[in-house]
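> Whatever this is, show me its structure:
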Amino acid sequence: MTAPERRSAPSARELRIDLVVAVSFAVAALLSSVLYRVAGVFEDPAPAWAALPYALGVSLPLIWRRRFPSLSAILVAATVIVCGSIPVPEVLVGNIALFLAFYSVGPWETSRLRAHLVRSGIILAMAVWLIVSVYVSATSGSDDEEMSGAPFSPFVAFTLIQVITNVLYFAGAYYYGERAWAAAAERSALESRTAELEFERERLAEQAVALDRVRIARELHDSVAHHVSVMGVQAGAARSTLDTDLEVARTALLNVEATARSAIDELHGLLTTLRDADAGPDAQAPSTLGVAELPRLVEESRAAGLPTTLEIVGNPRSLPPTVGLNLYRIAQEALTNVRKHAGPDATADVRLRYLADAIELEVANTGAARGRRAVGGLGQLGMRERVTASGGSLEVGPRSRGGYLVRARLPLGVNS
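Next up, the predicted model:
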C-alpha cells in the first residue's frame, strides 16, 4: 500500500476534541498528583507547586497532537522524564498522556522518516532514563537483603517489571500508530480510486453521448442525403421536360414520390431506434437494407440519370446484418457522390466480391473529379466509420486511368 504524500488536515471537530482531552488531562494530572502525595507512594517527592507545570507539560501539547504530532510527543516525553526525575508524585496520567502523544505520531506525522526517528528517539531516551534510574536506585544504599539473594530478588523482579512494562507500552503505541497510518493510506487510496472511477464514468457517459450523436449524424446523412440527392435530380429532370415531354416529366415525378416514401420509411426506422430505451449505443435502425438491395439501389441510380452496372463475383452467402447494412450504405454514398461530383457524362460500376474470409465492395466511375473534396467530406467520413466499426479497410481516391474508386473490404469468419 502506497502511503499518501500528505495526510488531510484535522477537522474542526477533531481539534475541539483534542482541546477537551488536553483540559481533562490537566485536571486529572493535578488530582492524581494530590492523591499520590496523600498516599505517600514517593518517599521524597518534589514540592507541591511542581504538580502544576507537570500537569501543563503532559496535557497542553496534546492540543497539537494532530497538527504537530512529533513536537507534541517530544514535549510530553521531556516533561515525563524531567518531572519523573525530581520526582513529581504522579505516574498514571503522565504515562497515559505519553502513550497518546507517542501513538499520535504514527497516524498524523506526514513524514514517515521523521515519524520513525522521533519515536525511536523517545524510546532511546526513555530507555536511558530507565537504566539510569535503576542504577541510581541500586547504588543509593538500599537494603542488602533487598539487593542480594536469589536471581529473582525483589529488586530484580521490580526491574524486570519496569522493562517488560515499557517494552509492551512503547511497542503497543508504535504498532497501533502504524496501523492507523496504514488504515488512513487505504482510505486515501480508496477515495482516490473512487474519484478516478467517477471521472471515468462521467467520461464514458460523455463518450457514449458523442458516439450516439455521430451515429445519428451518420444515419441521417446516409439515409436522407441520398434520397434528397435523387429527388433533386428527378425534380430537375421533371422541370426540364415538363413543357416538351409530359410522360418523361411524369415518370420523374413518380420517382421523386417513391424516393420520398423510401426516405420517410428509413427516417421512421431511425426514429424508432432512437426512442427505444433498450437500444444500445451501437444499435442500428431496424432495416432490411443489405447487399440484397444493391440491385434496387442500382436501378434507382439508373433512374436518376446515372448509367450504373452491378456485378457480383463469387458465391453469395449470408452476412451479418451490420456488415450488409454498412456495405449498402457505402455503395449508396459512393453513387450519390458520383451524381454530385462526376459530371453529366459519368458512368458507375458496382462490384461485389465474395472472398474466402472477406467481402469486398467496389464503386468506380468514369467521370471527372471536378469539385470533389478529398477525404474531409461527411460522406467519406461516414464510410470510414462504418468500415472501421466492422474491422475492415477503405480505399478512396482517383484512378490512374481516370475516374474515381471507392473500395471497402470487410473481414468475415470462415463459416459466415
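> What is the helix or strand residue 382 falls within packed up against?
If you go by DSSP states H and E, residue 382 is part of helix 378-389. Counting by 3 or more Cβ pairs under 8 Å, 6 or more residues apart in numbering; DSSP states H and E, the packing neighbours recorded for helix 378-389 are helix 154-220, helix 321-341, strand 393-398, strand 404-411. Backbone N, C-alpha and C define where each C-beta goes, glycine included.
> With residue 86 as the reference, name the closest of these.
Proximity to residue 86 (Cβ to Cβ) singles out helix 154-220 among those, at 18.3 Å.
> Pull out the buried residues from the helix or strand following that closest one.
Using DSSP H and E, the helix or strand that follows helix 154-220 in sequence is helix 226-241. For helix 226-241, burial by neighbour count (16 or more other Cβ atoms under 10 Å) applies to 226, 227, 229, 230, 231, 233, 234, 237, 238, 241.
> Can I get helix 226-241 in CSV, CA atoms only?
Provided in CSV are the C-alpha atoms of helix 226-241 (Å, rounded to 0.1, in the frame of the first residue of the first chain):
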residue,chain,number,x,y,z
HIS,A,226,-29.0,10.0,-50.8
HIS,A,227,-32.8,10.3,-51.2
VAL,A,228,-32.7,14.1,-51.3
SER,A,229,-30.0,13.9,-54.0
VAL,A,230,-32.1,11.5,-56.1
MET,A,231,-35.2,13.6,-55.6
GLY,A,232,-33.2,16.7,-56.7
VAL,A,233,-32.0,15.1,-59.9
GLN,A,234,-35.5,13.7,-60.7
ALA,A,235,-37.2,17.0,-59.9
GLY,A,236,-34.7,18.8,-62.2
ALA,A,237,-35.4,16.3,-65.0
ALA,A,238,-39.2,16.8,-64.5
ARG,A,239,-38.7,20.6,-64.7
SER,A,240,-36.6,20.5,-67.8
THR,A,241,-39.0,18.2,-69.7
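> begin at 22 from here
With the count now opening at 22, the last piece we talked about shows up as helix 247-262.
> Would you mind pulling the contact partners of it?
Defining contact as Cβ atoms under 8 Å, 6 or more residues apart in numbering, one finds that helix 247-262 is touched by 269-271, 273-274, 276-277, 280-281, 283-284, 287, 321, 324-326, 353-354, 356-357, 360-361.
> ok, which stretches of the stretch 22-171 of the chain are helices?
Ranges of helices within the stretch 22-171 of the chain are 33-60, 72-80, 90-106, 113-129, 133-159, 165-168, based on DSSP state H, counting those that start in this stretch.
> Which of these sits closest to residue 331?
Judging the helices of the stretch 22-171 of the chain by Cβ to Cβ, what sits closest to residue 331 is helix 133-159, at 75.2 Å.
> Now do the closest one: which elements does it pack against?
Using 3+ Cβ pairs under 8 Å, 6+ apart: helix 133-159 touches helix 90-106, helix 113-129, helix 175-241.
> what does the first one rub up against?
Outside helix 90-106, the residues that touch it by Cβ under 8 Å, 6+ apart are 67, 71, 74-75, 78-79, 81-83, 85-86, 111-112, 115-116, 118-119, 122-123, 125-126, 129-130, 135-136, 139-140, 142-143, 146-147, 150, 154.
> Could you dump the helices and strands packed on helix 399-410 into CSV and include mean neighbour count, distance to residue 37 and mean pLDDT?
Output for those, formatted as CSV (neighbours: other Cβ atoms under 10 Å; distance: least, Cβ to Cβ, whole Å; pLDDT from 0 to 100):
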stretch, mean neighbour count, distance to residue 37, mean pLDDT
helix 175-241, 14, 20, 81
helix 342-362, 23, 64, 86
strand 414-419, 15, 68, 89
strand 425-432, 20, 68, 91
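> and these as a markdown table, adding distance to residue 96?
Supplementary listing: those in a markdown table, determined by distance: least, Cβ to Cβ, whole Å:
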| stretch | distance to residue 96 |
| --- | --- |
| helix 175-241 | 16 |
| helix 342-362 | 74 |
| strand 414-419 | 74 |
| strand 425-432 | 74 |
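> Report the residue ranges of every domain in this structure.
Split into domains by automatic domain parsing, the chain comes to 33-161, 310-437.
> Show me where this protein dips below the pLDDT cut-off.
For the chain, applying pLDDT under 70 flags the ranges 22-28, 161-174, 176-177, 179, 241-244, 246-247, 294-309, 389-399, 434-437.
> that older thread, just the buried residues from the contacts of helix 90-106, in ChimeraX please.
With 16+ other Cβ under 10 Å as the criterion, this ChimeraX line picks the buried residues out of the contacts of helix 90-106:
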select :67,71,75,78,79,81,82,83,85,86,111,112,115,116,118,119,122,123,125,126,129,130,136,139,140,143,147,150,154
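> Weed out the non-buried ones from the contacts of helix 247-262.
Among the contacts of helix 247-262, those classed as buried by 16+ other Cβ under 10 Å are 270, 273-274, 276-277, 280, 283-284, 287, 321, 324-326, 353-354, 356-357, 360-361.
> picking that back up, can you put the domains of the chain in CSV and add distance to residue 185?
Formatted as CSV, the domains of the chain follow (distance: least, Cβ to Cβ, whole Å):
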stretch, distance to residue 185
domain 33-161, 12
domain 310-437, 72
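> Among those domains, single out whichever gets nearest to residue 230.
Counting by Cβ to Cβ, residue 230 lies closest to domain 310-437 out of the domains of the chain; the figure is 16.4 Å.
> gap between the closest one and the chain center?
41 Å (Cα atoms, centre = their mean, to the nearest Å).
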